[in-house]
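# Have a look; sequence and predicted model below, questions after that.
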Amino acid sequence: MTELPVNAVAPRRPGRMVAGAAAGLVLIWLAYTITVNENLHWDVVVEYLFDGRVLGGLGVTIALTLLSMVLGVALGVLAAVMQLSDSPVLRGAAGLYTWFFRGTPLLVQLIFWFNIGLVFPVIGVGIPFGGPMFVEWQANTLVTPFVAAALGLTINEGAYMAEIVRAGIRSVDPGQREAAEALGMSHRQILRRVVLPQAMRVIIPPTGNQFVSMLKTTSMVSVIAGAELLTVAQRIYLGNFEVIALLIVASMWYLVLTSVASVGQHFLEKRFARGERS
Amino acid sequence: MVRIQSVRKRYGSLEVLKGVSLDVPEGGVVCVVGPSGSGKSTLLRCVNRLETIDSGRIWVDGRLIGFREHGDRLHLLRPDELCEQRQKIGMVFQRFHLFPHMTALQNVMEGPRTVLRASRAAAARQAGELLERVGLADRAHHYPAQLSGGQQQRVAIARSLAMNPKVMLFDEPTSALDPELVQEVLAVMRDLAASGMTMIVVTHEMGFAREAGDHLVFIDDGVIVEEGPPREVLSRPRHERTRAFLGQVL
Ligand SMILES: Nc1ncnc2c1ncn2[C@@H]1O[C@H](COP(=O)(O)OP(=O)(O)OP(=O)(O)O)[C@@H](O)[C@H]1O
Ligand SMILES: [Mg+2]
């Protein structure tokens, strides 16, 4: 057989060349102004990038993100399963939860949790409705800024995750549930073995987005002095007035975190697409 | 083995089953035919309690399905008791419903592993034998998406058989298949019938009904219009509705 190699010439696309040149020029101009602008203090940025306090704040940001995502996902699964249950009480409770926490600003919720001591000065374990207490703590010592931050972020995240998980569960073909029921599997077994693994394909991508956005959302806890990256940067610039330089330091770290998380998200999505394609 | 007595079932104002009675002896193969929407799937789904019934009784292997009799009152079974009853009733669906995130072998192992708590080794051995029986030993590690429709349906049959059911229910097992794949599934079902399995088969495959069936039931509009030995019903239908239906499908 004769071979017919394809050595085609690409068509000229003048419009694209002009647009590309314009974008390139803008980028060069941006880079130029940023480097020559003396108000940006790049030397200060370099000085603080690996400062101990900044790295500490970075650690708190990572810890807050991981903690509130893990607990938030667990809470979201619980609320989603409740919303899909047969019991109207469970459905109502879960619905109320997502309605309230998705409907009020996270900032408000964070400030509320931080000031919970104003409502419940003493927190403890005991018999409800006025019964005796077995252990009690002062709210102001128990609810540190970190605890308030983790609490606020977790509960807020759980409400959003509930919607994501619910959409994932509903995306699974009802025939899957029936096939599992026909084998004699219980509701719990069906959820764990059949429905959730398949729902993952739908749940993972938005959860990855939630994770990436949680890395940045943690900066909100700076209003209650959460000791994470932004709080630390603020503390430093309140002392040395290098506002922009420290915001750049913080932003650089946020970019590192979100980039790493996006790569992880990519691999996770690939893994859960298993068995879907031939 | 299966005894269905005066079963009625309604969805809202639509009565889908209007007093259906049917007896399937042990080892019997009953084929159910009828037009779309006549209630065939609903009848099967009532037998393994995927649907609740509004009146009537269904027994499988001597046990009342879905209820416990206490004096003259019926009590609904608890969810775990329903699960236990379903274990003994296999069901094969038109659209297979294999678990897409598991390989063929894992699909067949799933029931014994999760429900019967069989050891991994024992479940894998049994699953291997069942896949061999349906002619798919070489596809054990393929995911459903990598199998043809006929192969998927045979895995689904193996998955049901793994629970050692007393009865197998088939809901149009070949209707979603390309014509050239129908025979491989029917062959597996014929073997199963010959091995003495009690079967209720909703199908449009009159050839299968004629050769493998002991009894043919024609359902229309929620009632059994005509029933009898398959050859007789197929060649000399007594009722006008049966004749009209058979005229369309044959
Ligand atoms: N869950 C449901 N809710 C409401 N109506 C239903 C439901 N399931 C079935 N029906 C109705 O009940 C009737 C009988 O349905 P069924 O699936 O038993 O018919 P079928 O004989 O199996 O038909 P086909 O050959 O198309 O599968 C149909 O009119 C259908 O629309
Ligand atoms: Mg049907």
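Noted; the coordinates are in hand. Ligands and ions are numbered 1, 2, ... in the order given.
# Just confirm yes or no for whichever helix or strand residue A:212 is part of near chain B.
Using DSSP states H and E, residue A:212 maps to helix A:196-217. Yes - judged by CB under 8 Å from any CB of the partner chain, helix A:196-217 comes into contact with chain B at A:197-198. In this view, the C-beta of every residue, glycine as well, is placed from N, C-alpha and C.
# pLDDT averaged over the helix or strand that that helix is followed by - what is it?
Sequence-wise, the next helix or strand downstream of helix A:196-217 (DSSP H and E) is helix A:229-240. In this model, helix A:229-240 has a mean pLDDT of 94.
# Contacts for helix A:229-240 next, please.
A:44, A:48, A:51, A:53-54, A:56-58, A:60-61, A:218-219, A:221-222, A:225, A:242-243, A:245-247, A:249-250, A:253-254 (CB atoms under 8 Å, 6 or more residues apart in numbering or on different chains).
# picking up where we left off before, list the buried residues in the helix holding residue A:212.
Neighbour counts over helix A:196-217 (16 or more other CB atoms under 10 Å in any protein chain shown) mark A:196-208, A:210-212, A:214-217 as buried.
# can you tell me the residue of the stretch 101-250 of chain A closest to ligand 1?
residue A:174 (10.0 Å; CB to the nearest ligand atom).
# Near that residue, how many other residues are there?
9 (other CB atoms under 10 Å in any protein chain shown).
# next one: residue B:114
Number of residues near residue B:114 (other CB under 10 Å) recorded here: 20.
# Can you list the residue ranges for helices in chain B?
B:40-47, B:79-87, B:104-110, B:120-133, B:149-161, B:179-194, B:206-212, B:230-235, B:240-249 (DSSP state H).
# hmm, the fifth one in reach of chain A?
Yes - remark: helix B:149-161 sits within contact range of chain A at B:156, B:159-160, by CB under 8 Å from any CB.
# any idea of the angle that helix forms with helix B:179-194?
Helix B:149-161 and helix B:179-194 are oriented at 20 degrees to each other (axes from the mean of the first three to the mean of the last three CA atoms, to 10 degrees).
# Quick check on the residues of helix B:149-161 next to chain A: which are buried?
In those, the ones that pass as buried (16+ other CB under 10 Å) are B:156, B:159-160.
# re earlier: can you lay out the residues of helix B:149-161 next to chain A as TSV showing distance to residue A:16 and pLDDT?
Listed next are the residues of helix B:149-161 next to chain A as TSV, based on distance: CB to CB, whole Å; pLDDT from 0 to 100:
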residue	distance to residue A:16	pLDDT
B:156	52	97
B:159	54	97
B:160	58	97
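# Dump those residues to TSV, plus distance to ligand 1.
Listed next are the residues of helix B:149-161 next to chain A as TSV, based on distance: CB to the nearest ligand atom, whole Å:
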residue	distance to ligand 1
B:156	17
B:159	21
B:160	19
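# Please identify which of those is nearest to residue B:141.
Ranked by distance to residue B:141 (CB to CB), the residues of helix B:149-161 next to chain A are led by residue B:159 at 15.3 Å.
# which residues touch that closest one?
Going by CB under 8 Å, 6+ apart, residue B:159 touches A:183, B:98, B:107-108, B:110-111.
# Now narrow those residues to whatever sits close to ligand 1.
The subset of the contacts of residue B:159 within reach of ligand 1, by CB under 6 Å from any ligand atom, is empty.
# most centrally placed residue in chain B?
Nearest to the mean C-alpha position of chain B, by CA atoms, centre = their mean, lies residue B:169 at 1.2 Å.
# pLDDT at it, what is it?
At residue B:169, pLDDT is 97.
# now do residue B:109
97.
# Would you confirm that it contacts residue B:162?
Yes - with contact defined as CB atoms under 8 Å, residue B:109 counts as touching residue B:162 (7.2 Å).
# Could you name every residue contacting both of the two?
The contact lists of residue B:109 and residue B:162 share B:123, B:126-127, where a contact means CB under 8 Å, 6+ apart.
# any chance of those residues in JSON lines, with distance to chain A too?
As requested, the shared contacts of residue B:109 and residue B:162 are arranged in JSON lines below (distance: CB to the nearest CB, whole Å):
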{"residue": "B:123", "distance to chain A": "13"}
{"residue": "B:126", "distance to chain A": "14"}
{"residue": "B:127", "distance to chain A": "13"}
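# which residues touch the strand or helix carrying residue A:134?
According to DSSP H and E, residue A:134 maps onto strand A:133-138. Here strand A:133-138 makes contact (CB under 8 Å, 6+ apart) with A:117, A:121-127.
# Pipe the residues of helix B:149-161 next to chain A into a markdown table and attach distance to residue A:80 per row.
Converted to a markdown table, these look like this (distance: CB to CB, whole Å):
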| residue | distance to residue A:80 |
| --- | --- |
| B:156 | 29 |
| B:159 | 28 |
| B:160 | 30 |
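# sorry, back to before: ok, and the most crowded of the contacts of residue B:159?
Result: residue B:108 is most packed of the contacts of residue B:159 (other CB under 10 Å), 31 neighbours.
# which residues touch that residue?
Contacts of residue B:108 (CB under 8 Å, 6+ apart): B:126-127, B:130-131, B:155, B:158-159, B:162.
# partners of the residue nearest to residue B:44 when sequence neighbours are not counted in the sheet?
Leaving aside its sequence neighbours, residue B:44 sits nearest to residue B:169 (CB to CB, 6 or more residues apart in numbering or on different chains; 4.7 Å). Counting by DSSP bridges, residue B:169 is bridged to residue B:91, residue B:200.
# Just give me the neighbour total for residue B:178.
Residues near residue B:178, counting by other CB under 10 Å: 10.
# Could you pull up the contacting residues of it?
Contacts of residue B:178 (CB under 8 Å, 6+ apart): B:149-150.
# Residue most distant from the centroid, chain B?
residue B:71 (31.9 Å).
# Please report the distance of that residue from chain A.
28 Å (CB to the nearest CB, to the nearest Å).
# how far does stretch B:173-187 stretch from start to finish?
12 Å (CA to CA, to the nearest Å).
# Ignore what I typed, I meant stretch B:112-119.
End-to-end distance for stretch B:112-119, by CA to CA: 8 Å.
# repeat for stretch A:168-175
15 Å.
# Centre of the chain to it, how far?
Computed by CA atoms, centre = their mean, to the nearest Å, the chain-centroid distance of stretch A:168-175 equals 25 Å.
# Repeat that for stretch A:227-238.
Taking mean C-alpha positions (CA atoms, centre = their mean), stretch A:227-238 and its chain are 21 Å apart.
# repeat for stretch B:174-190
Counting by CA atoms, centre = their mean, stretch B:174-190 comes out at 15 Å from the chain centroid.
# Return the backbone torsion pair for residue A:124.
phi -160, psi -180 (degrees, to the nearest 10).
# so does the helix or strand hosting residue A:270 get close to chain B?
For residue A:270, the enclosing helix or strand under DSSP H and E is helix A:243-272. No - for helix A:243-272, no contact with chain B is found by CB under 8 Å from any CB; the gap never falls below 8.6 Å.
# Kindly report the residues of the stretch 51-200 of chain A close to chain B.
Residues of the stretch 51-200 of chain A lying near chain B (CB under 8 Å from any CB): A:173, A:175-176, A:178-187, A:189, A:193-194, A:197-198.
# hmm, 6 Å instead?
Neighbours of chain B within the stretch 51-200 of chain A, by CB under 6 Å from any CB of the partner chain: A:175-176, A:178-179, A:182-186, A:189, A:193-194, A:197-198.
# Filter those down to the buried ones and hand me the ChimeraX line.
Applying 16+ other CB under 10 Å to those, the buried members can be selected in ChimeraX as follows:
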select /A:176,178,179,182,183,184,185,186,189,193,194,197,198
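# Can you add distance to residue B:64, secondary structure and pLDDT and give the residues of the stretch 51-200 of chain A next to chain B back as JSON lines?
Shown next, in JSON lines, are these (distance: CB to CB, whole Å; DSSP: H, G, I helix; E, B strand; the rest coil; pLDDT from 0 to 100):
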{"residue": "A:175", "distance to residue B:64": "27", "secondary structure": "helix", "pLDDT": "96"}
{"residue": "A:176", "distance to residue B:64": "28", "secondary structure": "helix", "pLDDT": "97"}
{"residue": "A:178", "distance to residue B:64": "22", "secondary structure": "helix", "pLDDT": "96"}
{"residue": "A:179", "distance to residue B:64": "24", "secondary structure": "helix", "pLDDT": "97"}
{"residue": "A:182", "distance to residue B:64": "19", "secondary structure": "helix", "pLDDT": "96"}
{"residue": "A:183", "distance to residue B:64": "21", "secondary structure": "coil", "pLDDT": "97"}
{"residue": "A:184", "distance to residue B:64": "17", "secondary structure": "coil", "pLDDT": "96"}
{"residue": "A:185", "distance to residue B:64": "22", "secondary structure": "coil", "pLDDT": "96"}
{"residue": "A:186", "distance to residue B:64": "21", "secondary structure": "coil", "pLDDT": "95"}
{"residue": "A:189", "distance to residue B:64": "24", "secondary structure": "helix", "pLDDT": "95"}
{"residue": "A:193", "distance to residue B:64": "29", "secondary structure": "helix", "pLDDT": "95"}
{"residue": "A:194", "distance to residue B:64": "28", "secondary structure": "helix", "pLDDT": "96"}
{"residue": "A:197", "distance to residue B:64": "35", "secondary structure": "helix", "pLDDT": "93"}
{"residue": "A:198", "distance to residue B:64": "34", "secondary structure": "helix", "pLDDT": "93"}
